[in-house]
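**Q** Build the 3D model from these lines:
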Amino acid sequence: MFFNKSKNKIAVLGAGSFGSALAIALSEKSDVVLWGNNPEIMKEINTQRTNKFYLENAIFPKNITATIDIEIIKEVNTVIFAVPSSATREVAIKAKQFINKNAIVVSAAKGLEETTGFRMSQVLSSILSNPVVVISGPSHAEELAVGVPTSVVAASEKIKYAEIIQKEFSSKILRIYSAKDVIGVELGGVLKNIIAIAAGINRGLGLGVNSQAALITRGLVEIVRFGTAMKAKKETFLGLSGIGDLIVTATSDLSRNWRLGYKIGKGKSLEEALSEMKMVCEGVKTTQVVYPIALKKRIEMPITEQIYKVLFERKDPKQAVKDLMTRSLKEERII
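**A** Down below sits the predicted model:
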């Protein structure tokens, strides 16, 4: 691959919707290599400058090169993992021998590993010796890819690495804030997917904005409860990676988790709804991982509980709403 010597060099692993959108956004300031495992999509990006399967309206600038050869990451100093959470460990193991020892690794996936419950930064750190930065926030790929102004948070336990990514990634369409609360930033992006499924079910059932507002508000309470139990800072969830990401995911039909919930609210089973989705719905596995942890740690998460029962125990969504509304009455508390 030919790199322009005057530009930064970035690799994005994962040519799905968000990986592709990130590559496009970052190409304004950097040369980008986009790695994926589908030769046809890689060829389309290189020859047609499109990725119609994932991003119908996006055009890829010429300084983005798509490849199925992961060895190319030897040439870059920033490697972004934008593969689904279920594939992060596998791709990290594959990439390990090629990653420059001085490179910063960036995690962009919003999920938990099913077998371990690890956040993606924990998965990456268990395999790679490089510093890891997490990016999260309200960032629908469909909008980012066509230049809609977007703001997210970059977090690292050593703030200097977050600040490096902040400077490298920020542009006229992408504004990056820096933070140290990796746990909070990461869990905000993870847990909002559960509430997005609930919000989609709410709309699919034909319920209105009153119940939607209640779901989002009380959903945020559950996110804060779980996050602080995992040693995150409560205030992090009032920022872009918390309430910001929750709002965009729980109110927009661009959200795959919202669309999944909508289909279920309309009467489809989980299997039927998933079969109609192009992309991975991280909220399904997230619910499967989070709910048992909440039970074990006695974290009160009634919305998450009902979504778990709807998804995995075939509970009627209408009954789930009824059960949420008729729980014992309480004083309103955040945690």
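**Q** Could you measure from Asn8 over to Gly111?
**A** 27 Å (Cβ to Cβ, to the nearest Å). For every residue, glycine as well, the C-beta is placed using N, CA and C.
**Q** same thing with Ile307?
**A** 15 Å.
**Q** Looking at these two, which is more packed in?
**A** A side-by-side neighbour count of Ile307 and Gly111, using other Cβ atoms under 10 Å, places Ile307 first with 29 against 26.
**Q** Report the buried residues of the host helix or strand of that one.
**A** Per DSSP states H and E, Ile307 falls inside helix 302-312. For helix 302-312, a neighbour-count test (16 or more other Cβ atoms under 10 Å) marks 303-311 as buried.
**Q** Summarise which helices and strands it is packed against.
**A** Other helices and strands packing on helix 302-312, by 3 or more Cβ pairs under 8 Å, 6 or more residues apart in numbering; DSSP states H and E, are helix 182-204, helix 209-229, helix 282-297, helix 317-325.
**Q** Mind listing residues that contact the last one?
**A** With Cβ atoms under 8 Å, 6 or more residues apart in numbering as the contact definition, helix 317-325 has outside contacts at 201-202, 204-205, 207, 211, 264-265, 302-303, 306-307, 309-310.
**Q** Leaving out sequence neighbours, find the closest residue to Glu28.
**A** Ser171 (4.8 Å; Cβ to Cβ, 6 or more residues apart in numbering).
**Q** Quick check, the one you found in contact with Lys29.
**A** Yes: Ser171 lies in contact with Lys29 (Cβ atoms under 8 Å); the separation is 5.7 Å.
**Q** Check which strands are paired with the helix-or-strand element of the chain with minimal mean pLDDT and give the direction for each one.
**A** Least confident helix or strand, the chain: strand 8-13 with a mean of 94, by mean pLDDT, DSSP states H and E. Here strand 8-13 is paired, per DSSP bridges, with strand 30-35 (parallel), strand 78-81 (parallel).
**Q** what residue ranges in the stretch 1-150 of the chain score low on pLDDT?
**A** Along the stretch 1-150 of the chain, the parts satisfying pLDDT under 70 run over 1-7.
**Q** ranges for the helices of it?
**A** For the stretch 1-150 of the chain, applying DSSP state H, counting those that start in this stretch gives helices covering 17-26, 39-48, 85-95, 120-127, 141-144.
**Q** Go through those helices and pick out the most buried.
**A** helix 17-26 (a mean of 26; mean count of other Cβ atoms under 10 Å).
**Q** now that one against strand 30-35, angle please.
**A** 160 degrees (axes from the mean of the first three to the mean of the last three Cα atoms, to 10 degrees).
**Q** and helix 17-26, what other elements does it pack with?
**A** strand 8-13, strand 30-35, helix 141-144.
**Q** how about those in CSV, adding distance to Ser125?
**A** What follows is these, written out as CSV (distance: least, Cβ to Cβ, whole Å):
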stretch, distance to Ser125
strand 8-13, 16
strand 30-35, 21
helix 141-144, 25
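**Q** Nearest to Lys160, out of these?
**A** Nearest of the helices and strands packed on helix 17-26 to Lys160, taken as Cβ to Cβ: strand 8-13 at 17.1 Å.
**Q** relative to helix 85-95, how tilted is that closest one?
**A** 120 degrees.
**Q** any residues touching strand 8-13, and which ones?
**A** Applying Cβ under 8 Å, 6+ apart, the contact partners of strand 8-13 are 3, 19-20, 22-23, 26, 29-35, 70, 72-73, 75-83, 91, 95, 168.
**Q** Asn100: how many residues sit nearby?
**A** For Asn100, using other Cβ under 10 Å, the count is 15.
**Q** typed the wrong thing, it's Ile197
**A** Count around Ile197 with other Cβ under 10 Å applied: 34.
**Q** What of Gly242?
**A** 28.
**Q** ok, so what distance separates it from Ile223?
**A** In this view, Gly242 and Ile223 are 7 Å apart by Cβ to Cβ.
**Q** Need the residues touching each of these two.
**A** With contacts taken as Cβ under 8 Å, 6+ apart, the residues that reach both Gly242 and Ile223 are 188, 192.
**Q** returning to what we had before: how about TSV for the helices of the stretch 1-150 of the chain, with distance to Leu254 added?
**A** Listed next are those as TSV, based on distance: least, Cβ to Cβ, whole Å:
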stretch	distance to Leu254
helix 17-26	10
helix 39-48	20
helix 85-95	20
helix 120-127	22
helix 141-144	5
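**Q** Mind checking those for the one nearest to Thr286?
**A** With respect to Thr286, and counting by Cβ to Cβ, the nearest of those is helix 85-95 at 8.4 Å.
**Q** tell me the angle of that closest one relative to helix 282-297?
**A** Going by the same axes, to 10 degrees, helix 85-95 makes 100 degrees with helix 282-297.
**Q** Would you mind listing the outside residues contacting helix 85-95?
**A** Under Cβ under 8 Å, 6+ apart, the answer for helix 85-95 is 13-14, 70, 73, 79, 81, 83, 107, 109-114, 120, 123-124, 127-128, 280, 282, 285.
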